[in-house]
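# sequence? don't have it. structure:
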Ligand SMILES: [Zn+2]
């Protein structure tokens, strides 16, 4: 059985019934093809019904679903294994929470970079829960400069609960590392596409999210702070995360409406975790389409447009 | 320098007069408990004469400390937040803004002014911690952006005095994007070879540290300031033990290689002048 979120329970009940029906068929000669077909239809409908009306907090939960695919899984599929992972920031160490390297998208070489979460308890530790240290951001920048040298476009996958708030991270200049990436990414001469595939938390996300095209998967979030931390600071309680999620306007739809991202990539019914192949294909199609378009533009024009876009963000009154 | 004379003036206050200073006009140093009159504290540029503790001051005070005759022309003085998200936590953001504006007589957490530092024209931006923790929202981003436009147009050096808890939560992703906006604008300043001096003061954390405050041609700080990305409370929770003595102070940040030097407030004007002169000659 897949992992189910609380609001996915009705789907779980149907999945159990389906399992039972199949067991009956195996153990006896009863023809269950009709009920099986009906149950499968019901599951599909239920998924559609639930996922069409997700609240912002529920989308946050989906973005963290343990069965959701992570960066390396996307790269593996999109490049069909033609991926050369590159390590290290050439300074301190190799950050396991930030991965990157050249990959082939059909015939086009692309520099892929992204935060990486672990797929099980052991790997989650190993990947530091997708929270990069300064060396992660510096590794990302090194790889981006490499891409620029060889005139290859950059695709970043964003999936992080934030930059790591540790003691050594502070010693090695977490703030400077992120600031430097923002500053350098603005002026990179190659096309940059950034895709939020899970959690887009604060400066830790933004540190690899300056680009010409910023996309969010349908069930992801992107904001200055997580709803839990926002709740604890502004409401002084961990209990108001649903309210905080509403107030932060952190969903893909809100972010697009507020012109803070450029596009939404639809997820399959039931979310990315329900059908990995399907979401990989959708993302690959969007990458191919967007990069082709971005590559038509002169680098100076692209940079100018990139700067203009970020500089137009913000609402105020004179 | 007339600026120096004027501030030194109060030092000669006779003891007789001091005794007559009414209660409440004393400054009690939070670090060493040394007590001086408010007037003396001002004369000392709000620095404790006994332990060198640099008291938190606002933009008005920094303009006084740095600018010739304390004279300046402010850019976009009325720019204020529009609350695009209609944000509400335990309080409506618009009410929070109105209260803060009423209390501080400021429009937002930064002021940008043109003025002269020892005869040299500069664009000086200074944050106000009293305004919602000096947090960065769209107004802070836009004012820095316009200040940079001014620098580009008039070929004027930029100085930003940071003092901020980071991004303003009530503007959510809009505030996050101000990090990108200010950093993007700074690349244009670099391309035009215009100097940018970043002055980090107590405290400078979060999204401000992770954007313009760490991107100066020179990053300098006042002594003993709290400077970091994650706040000390968060770091403490992460590591599950007490933080080492002096963690995230200016001295710590200098030692780890992220500051060019630490400068006392009384020498700030002099040091900035020297740097600007060296950039030019
Ligand atoms: Zn003292």
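Thanks, I have the structure now. Note that this is a predicted model, so its numbers are computed, not measured.
# Check the secondary structure at residue B:151 for me.
Classification of residue B:151 using DSSP: H, G, I helix; E, B strand; the rest coil returns helix.
# Residue B:123 is in contact with that one, correct?
Yes - applying C-beta atoms under 8 Å as the test, residue B:151 and residue B:123 come out as touching, 5.0 Å apart. Using the backbone N, CA and C atoms, a C-beta is placed for each residue, glycine as well.
# overlap in contacts of those two?
Counting by C-beta atoms under 8 Å, 6 or more residues apart in numbering or on different chains, the common neighbours of residue B:151 and residue B:123 are B:157-158.
# List the buried residues in the lowest-mean-pLDDT helix or strand in chain A.
Ranked by mean pLDDT, DSSP states H and E, the weakest helix or strand in chain A is helix A:9-27, scoring a mean of 88. For helix A:9-27, the buried set under the neighbour-count rule, 16 or more other C-beta atoms under 10 Å in any protein chain shown, comprises A:11-12, A:14-15, A:17-18, A:21.
# swap in stretch A:112-132?
Quick answer for stretch A:112-132 (16+ other C-beta under 10 Å): A:112-118, A:127-128, A:130-132.
# likewise stretch A:281-289?
Quick answer for stretch A:281-289 (16+ other C-beta under 10 Å): A:282-284, A:286-287.
# Quick one: mean pLDDT for that stretch?
Over the span of stretch A:281-289, the pLDDT mean works out to 98.
# next one: stretch A:147-160
98.
# Over to that stretch now: how far is its first residue from its last?
Using C-alpha to C-alpha, to the nearest Å, one end of stretch A:147-160 lies 23 Å from the other.
# which parts of it are buried?
For stretch A:147-160, burial by neighbour count (16+ other C-beta under 10 Å) applies to A:147-148, A:152-160.
# again with stretch B:60-72
Within stretch B:60-72, the residues that qualify as buried are B:61-68, B:70, B:72, counting by 16+ other C-beta under 10 Å.
# try stretch B:190-206
Under 16+ other C-beta under 10 Å, the buried positions of stretch B:190-206 are B:194-206.
# and of these, the nearest to residue B:167?
Nearest to residue B:167 out of the buried residues of stretch B:190-206 is residue B:206 (C-beta to C-beta; 6.0 Å).
# how about stretch A:160-169, does it get close to chain B?
Yes - against chain B, stretch A:160-169 shows contacts by C-beta under 8 Å from any C-beta of the partner chain at A:163-167, A:169.
# Out of those, the closest to residue B:116 would be?
Nearest to residue B:116 out of these is residue A:163 (C-beta to C-beta; 39.3 Å).
# from memory that closest one sits against residue A:204, does it?
Yes - between residue A:163 and residue A:204 a contact is recorded at 3.3 Å, counting by C-beta under 8 Å.
# which neighbours do those two share?
Applying C-beta under 8 Å, 6+ apart, one finds that residue A:163 and residue A:204 are jointly contacted by A:131-132, A:178.
# between those residues, which is nearest chain B?
Using C-beta to the nearest C-beta, residue A:178 is the member of the shared contacts of residue A:163 and residue A:204 that lies nearest chain B, at 4.1 Å.
# Doesn't that closest one belong to a helix?
Yes - assessed by three-state DSSP, residue A:178 belongs to a helix.
# show me the residues around it that make contact.
Residues counted as contacts of residue A:178 (C-beta under 8 Å, 6+ apart) are A:137, A:163, A:203-204, A:206-207, B:179, B:210-211, B:229.
# Most neighbours among those, please name it.
Within these, neighbour counts (other C-beta atoms under 10 Å in any protein chain shown) peak at residue B:210, which reaches 34 neighbours.
# That residue: what's it in contact with?
Contacts of residue B:210 by C-beta under 8 Å, 6+ apart are A:163, A:174-176, A:178-179, A:182, A:203, A:207, B:179, B:229.
# Any stretches of chain B with poor pLDDT?
Within chain B, the segments meeting pLDDT under 70 span B:1-24.
# Show me what from it comes close to the ion.
B:29, B:31-32, B:34, B:48, B:50-51, B:53 (C-beta under 5 Å from the ion).
# can you list these in a markdown table and add distance to residue B:249, secondary structure and neighbour count?
Putting those into a markdown table (distance: C-beta to C-beta, whole Å; DSSP: H, G, I helix; E, B strand; the rest coil; neighbours: other C-beta atoms under 10 Å in any protein chain shown) gives the following:
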| residue | distance to residue B:249 | secondary structure | neighbour count |
| --- | --- | --- | --- |
| B:29 | 17 | coil | 18 |
| B:31 | 12 | coil | 13 |
| B:32 | 16 | coil | 12 |
| B:34 | 20 | coil | 13 |
| B:48 | 16 | coil | 20 |
| B:50 | 19 | coil | 14 |
| B:51 | 14 | coil | 13 |
| B:53 | 12 | coil | 17 |
